[in-house]
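A.B. asks: this is a predicted model, with the sequence first.
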Amino acid sequence: MRHHDLKRHIHTMHRPPDAPLIQCDICNQTFRRLDALRKHQKGRCKGKTGSVDD
């Protein structure tokens, strides 16, 4: 395992319970890492369900 991978793992998985999460502005799903949010928004984000724009 590379040093950077271990550092990222510790920062992501071993954080205080009250540490803030990063929230998607489109669908409100939360993430621990900014790169996960960006990947989500590029391909998997389906937007808010049940919203009516009419």
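C.D. replies: Looks like it arrived, so ask away.
A.B. asks: from residue 2, how far out is the nearest residue to residue 37 once chain neighbours are set aside?
C.D. replies: Once flanking residues are discounted, residue 37 sits nearest to residue 31: 4.5 Å by C-beta to C-beta, 6 or more residues apart in numbering. In short, each C-beta sits where N, CA and C put it, glycine included. Distance check for residue 31 against residue 2: by C-beta to C-beta, to the nearest Å, it reads 22 Å.
A.B. asks: and the two? which has more neighbours close in?
C.D. replies: residue 31 (17 against 7; other C-beta atoms under 10 Å).
A.B. asks: now do the contacts for the more buried one.
C.D. replies: 21-24, 37, 40 (C-beta atoms under 8 Å, 6 or more residues apart in numbering).
A.B. asks: pick the one among the residues you listed closest to residue 13.
C.D. replies: Nearest to residue 13 among the contacts of residue 31: residue 21, at 13.2 Å, using C-beta to C-beta.
A.B. asks: ok, that closest one - how many residues close by?
C.D. replies: For residue 21, using other C-beta under 10 Å, the count is 11.
A.B. asks: bridged to the nearest residue to it once chain neighbours are set aside, which residues?
C.D. replies: In space, and not counting its chain neighbours, residue 21 is closest to residue 30: 4.0 Å by C-beta to C-beta, 6+ apart. Note on residue 30: beta-bridge partners by DSSP bridges are residue 23.
A.B. asks: quick check: the gap between the most centrally placed residue in the chain and residue 6.
C.D. replies: Of all residues in the chain, the one closest to the mean position by C-alpha atoms, centre = their mean is residue 31, 2.1 Å from it. For residue 31, the distance to residue 6 equals 20 Å [C-beta to C-beta].
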